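Student: Next one to model:
(chains A and B)
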Amino acid sequence: MTAPAMRVRASRRFGDCVALADAALEVAAGTVHALCGENGAGKSTLMRVVYGLERADRGELELGERIDLARHGVAQAQARGVGMVHQHGMLVPTLTLADNAALGHEPVRGGRYDRAAAARALVAAAARLGQRLDPDALAGDLTVGEQQRAELAMVAARATRLLILDEPTALLAPREVDALFAMVRAFADGGGAVVLVTHKLDEVMAVADEVTVLRAGRTVASWSAEVTAAEIARAMIGGEPPPPATRAPTPAADAAIALAIEGVAAPGPRGGGAVDVTLRVAAGEVVGVAGVEGNGQRELALAVAGLAPVARGAVAVGGVDVTRATVAARRALGLAHVPEDRHLHGLVQGASVADNVALGRLAEVGRGPLIDRAAVATLTTQLLAAHDVRPADPAARAGALSGGNQQKLVVARELDRPGLRAVLAVHPTRGVDLAASARIHARLRDVAAAGAAVLLIAADLDELLALCHRVVVMHRGALAGELAGAALAAPDARARLGAWMVGATP
Amino acid sequence: MTGFVASLITLGFLAQVLRIAIPYVLAALGGTLSERAGVIDLALEAKLLMGAFAAAVLGYETGSIAVGIAGAAAAGVAVAAIQALWSVRLGADQVVTGIALNLGAFGFTRYFLGVRYGQGANSPRFDGVGTGVLTNPITWIAAALVALVVVGLWQTRLGLRVRAVGERPDAVAAAGVSVARVRWAAVLIGGAIAGVGGAQLSLPVDGFVAEASGGRGYVALAAVIMSGWRPGRAALWCLAFGLADAVQYRMQTHGVGLPAELTRLLPYVLALVLLAVWPRRVAPPRALGQPD
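Tutor: Residues are numbered from 1 along each chain as shown, chains lettered A, B, ... in the order given. Reported below is the predicted structural model:
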């Protein structure tokens, strides 16, 4: 048997947190190897160790031959033919694609940086993957999908041994995912090894030859033969996966409109944003907003929540116009917001769990200018128990909770309250483990069944298809298409939504 | 009044503008490099002051203008090295570091003058470069440096890395390039350039006067910001400040009826007004002020 393209074993702690506990991975040349695990399992950290971006406390690495981890760095990894495409992209937005590609390996002619040579090299590298790109385009002017394809071409041009892709599909439309996997396959068929870091099982089944699962920093399973998605899921969670999400009962045709967005325009800080969005959500209805990130979903959500101004159009909650209303006034009318960024808008990380509950529920626990601490304690204890937030300690610092528990806390505070009329949930399960995701899905379903309107903005089509009565697609700030009822259950639903996401007509 | 206006339309006035603008121009070039690399350059004032001081002291002690100018560059590098040690290596707050260096430079120069020459406010007079513009080597050095920084930033390997590191240091690290090394290089080179700018504050007037920088470092930083962190434009803005400064000198010498205390404020007021009204179309380097 030939030596593997890469073999690693590493341990790493960050303070009290164990990121890697002797995690191991072995990848053969010519194969696509999926590295799976829940968020926080250590997948990215392990790959960053291999790529030389992260130090290992202890461990060993082989890239054709034994590597001294103490002297390992990005330059050394690159010299051994390792390339990595990072989860959030590593392009400098103010530089051209050619400049980005050249960074660290700049061709020089006559003492000067040879921009033309860098551009030619990038175009050639892209062509080998069947892509065409403009080397003189500023990276920041491209869509995330275009940026990622360009980055893949740059990295693949240098990576001869091992190509690492960290959650590459998070920001892509289904069609773009197919194109990406075709490139990955071509790279492996050419004799290179690929590590695909992911937590999406359908991707694993679609493209991987081998699978390794990490849980809490340890390698818990590895398969090179046939394996089912259910087996992988069990290994990732360390138990039985939660039952799939279900849809709330379809609301009556004459249900009142609880959340109305009428011709709303909300520009983003760097242009873009929502252009002209009209969306009416009836009481008891769950409406999903799909789309590739950066197509105005964020700006629309902030405008509905009252965190950013509405440039044109109107927003109404329960029939009351709130276009210019404060966040507090919207909450008083029964609007709940599970924000995209729980660090920025969801929780005060440095404050206690109880204080975070109090902040969102001042109307209930406030007594004039004072706060009724006893009421806060009662409410917090009750929310923590009812929503399985762990640890169930009102005095714990919110930032010390795991991502999943933080999100459960936000959802508990926002959704479990009297007078709830409309819910705006933005990527509510992002970065959240499967068990917590299942609870959040069930919670959204329950509040809709109890008569609240739910507007769910999410990137995950499976999540939207499972929960929503109706799904719209945002593209370049406007609604590009809509599927409802039976059309959502049809086998071509994903393909149709995916086409709208990239601006095509299905 | 007509005498004042007529005095503005002379070659002598143009020369005066250039002479006054040079410290601003060189400080702004140095500041552009540091800030492009992501390090807030509030220490320009200290670099100018230490440059002026080193040029005068070394010029006087060795009798060599060349040694004076080289000493000015070295003094700028010394200030920049402390700045980089705190800002890049130790991750200290860059604004506080810059202010501390400026205050320290004021105190150090006065202390050294007192200990070495027995007086706190002046260095001994010697034959400097004179008030001529074309005969002053610093004029030519400054012109060359404007071109070098523009070419260097856009057409060299280091320039590309400097521009990248101020925006996405994580991307630079992921490309296998040391973020700290690029920042050190940018800050030290910028320090040398700003230090030479300081020489122009002492060599043409044959000696160093305490607090000779007089806030020019801050005005130069304003020029950097108004230029959108582009060295050529920053140099042009500095010429405008030099013009304002030259005009206020002429107002004093021709007695236009305003108290000198007021006219002296002209370049600073101009900087303030321009900062307020000039449209900010260019975003600052995204990683400006953030240690690694």
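Student: hey, let's count contacts and neighbours off CA atoms from now on
Tutor: Will do.
Student: which non-adjacent residue is nearest residue A:160?
Tutor: Leaving out its chain neighbours, the residue that sits closest to residue A:160 by CA to CA, 6 or more residues apart in numbering or on different chains is residue A:81, at 4.7 Å.
Student: I meant residue A:306, not that one.
Tutor: residue A:327 (5.1 Å).
Student: Over to residue A:190?
Tutor: Nearest to residue A:190 is residue A:30, by CA to CA, 6+ apart, at 6.9 Å.
Student: next one: residue A:3
Tutor: Residue A:3's closest residue in space is residue A:64 (CA to CA, 6+ apart), at 6.9 Å.
Student: show me what contacts that neighbour?
Tutor: For residue A:64, the contact set (CA atoms under 8 Å, 6 or more residues apart in numbering or on different chains) comprises A:3, A:4, A:5, A:6.
Student: residues near the last one, how many?
Tutor: In terms of burial, residue A:6 registers 23 neighbours under the definition other CA atoms under 10 Å in any protein chain shown.
Student: if I look at it, how far off is residue B:95?
Tutor: According to CA to CA, to the nearest Å, residue A:6 stands 45 Å off from residue B:95.
Student: what's the answer for the first one, then?
Tutor: Residue A:3 sits 53 Å away from residue B:95, taking CA to CA as the criterion.
Student: do the same with the second one
Tutor: Using CA to CA, residue A:4 is found at 51 Å from residue B:95.
Student: Residue A:158 too?
Tutor: Distance of residue A:158 to residue B:95, computed by CA to CA: 40 Å.
Student: Residue A:30 now?
Tutor: Residue A:30 is 52 Å from residue B:95, by CA to CA.
Student: which of these two has more neighbours?
Tutor: residue A:30 (21 against 15).
Student: Kindly report the residues of chain B close to chain A.
Tutor: Residues of chain B lying close to chain A by CA under 8 Å from any CA of the partner chain are B:155-157, B:160-161, B:164, B:167-168, B:170-177.
Student: Next step: those restricted to helices.
Tutor: Secondary structure from DSSP state H places B:155, B:157, B:160, B:161, B:164, B:170, B:171, B:172, B:173, B:174 of the residues of chain B next to chain A in helices.
Student: Could I get the contacting residues of the last one?
Tutor: By CA under 8 Å, 6+ apart, the residues touching residue B:174 are A:53, A:74, A:90.
Student: In helices, which of these appear?
Tutor: Counting by DSSP H, the contacts of residue B:174 contribute residue A:74 to helices.
Student: export the contacts of residue B:174 to a markdown table and tack on distance to residue B:228?
Tutor: Converted to a markdown table, the contacts of residue B:174 look like this (distance: CA to CA, whole Å):
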| residue | distance to residue B:228 |
| --- | --- |
| A:53 | 32 |
| A:74 | 32 |
| A:90 | 24 |
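Student: buried residues in the host helix or strand of residue B:268?
Tutor: Taking DSSP states H and E as the definition, residue B:268 sits inside helix B:266-277. Under the neighbour-count criterion of 16 or more other CA atoms under 10 Å in any protein chain shown, helix B:266-277 has B:266, B:267, B:268, B:270, B:271 buried.
Student: what residues are up against the residue nearest to residue A:160?
Tutor: A:158, A:159, A:160, A:161, A:162.
Student: same deal with residue B:136?
Tutor: B:129, B:130, B:204 are the contacts of residue B:136 under CA under 8 Å, 6+ apart.
Student: for residue B:87, same thing?
Tutor: Contacts of residue B:87 (CA under 8 Å, 6+ apart): B:39, B:93, B:94, B:97, B:291.
Student: State the pair within those residues that is farthest apart.
Tutor: Of all pairs drawn from the contacts of residue B:87, the one with the longest distance (CA to CA) is B:97 and B:291, at 12.5 Å.
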